[in-house]
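Peer 1: no letters, just coordinates:
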C-alpha cells in the first residue's frame, strides 16, 4: 500500500496561514484577530483559509501543536527513564518554551494559555505513563495512569508558578523540589 503524497502547495499554503497568524499575534490580541486579518496577512482568500482550518481556534491549536510546540514536545519525548535528570530537563524545557512564547506573542499569550496547558499536560501524561510502564511493568495500569496525571499536572503547574511567582532561576526552582519528587515525602527529609 502506498502512502498518499500531499501536494507541496497545500503544505506551503497551510504554513503561510500559520505564519501570518503568528505574526498577527505579535501585534494584536487573539480576540481582536479576525479571519479577514489572517487571510490578508497570508494573501489567501477565505475559502483557502477554511479549506485548512475550521476557525481561528482550530488555527490556534494547530499553530501550537504543529509549529510552536514541536520543539518542546520533541525535547520532553526524548526521555525513556523517569529519574532526576528527566524531571529536571522536562521542567527546564517547559519554562524555556513558556518564556519564548510569552516574548514572541506577548499580546495574545493569555489567550493561548488554556490551549497550551491542555496540550502540554496531555503530552507529559503520555510520556510519564510510558516511562512508568517500562519501570513498573508489574503495577496496575490505573495506578500508573493516575501517577502520570499527577506528575504531568504538577510539573506543568510548577512551571507556571515559577513563571509567575519565583525570584530564583528555573534550575534553582526545580532543585528545591527534586528530593521530594524522586525520593518521596518521608525519605526526602532524611537526606
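Peer 2: That came through fine. Small disclaimer: the values here were computed from a predicted structure and weren't measured. Residues are numbered from 1 along each chain as shown.
Peer 1: helix, strand or coil: sort out the residue most central in space within the chain for me.
Peer 2: The centroid of the chain falls nearest to residue 120 when counting by C-alpha atoms, centre = their mean (3.8 Å). Following DSSP: H, G, I helix; E, B strand; the rest coil, the label given to residue 120 is helix.
Peer 1: residue contacts, the closest residue to it other than its chain neighbours?
Peer 2: Excluding its sequence neighbours, the residue lying closest to residue 120 (C-beta to C-beta, 6 or more residues apart in numbering) is residue 156, at 5.5 Å. Using the backbone N, CA and C atoms, a C-beta is placed for each residue, glycine as well. Each residue near residue 156 by C-beta atoms under 8 Å, 6 or more residues apart in numbering is listed here: 94, 117, 120-121, 124.
Peer 1: buried set for stretch 53-70?
Peer 2: By neighbour count, with 16 or more other C-beta atoms under 10 Å as the criterion, the buried positions of stretch 53-70 are 53, 56, 59-65, 68-69.
Peer 1: let me redo that: stretch 27-35
Peer 2: Under 16+ other C-beta under 10 Å, the buried positions of stretch 27-35 are 30, 33.
Peer 1: please apply the same query to stretch 164-172.
Peer 2: Neighbour-count burial for stretch 164-172 flags residue 170 (criterion: 16+ other C-beta under 10 Å).
Peer 1: just the endpoints, please. Distance across it?
Peer 2: With C-alpha to C-alpha, to the nearest Å applied, stretch 164-172 spans 15 Å between its terminal residues.
Peer 1: domains for the protein, by residue range?
Peer 2: For the chain, automatic domain parsing gives the domain ranges 8-55, 69-181.
Peer 1: pull the distance from the longest one to the chain's centre.
Peer 2: For domain 69-181, the distance between its averaged C-alpha position and the chain's averaged C-alpha position is 9 Å (C-alpha atoms, centre = their mean, to the nearest Å).
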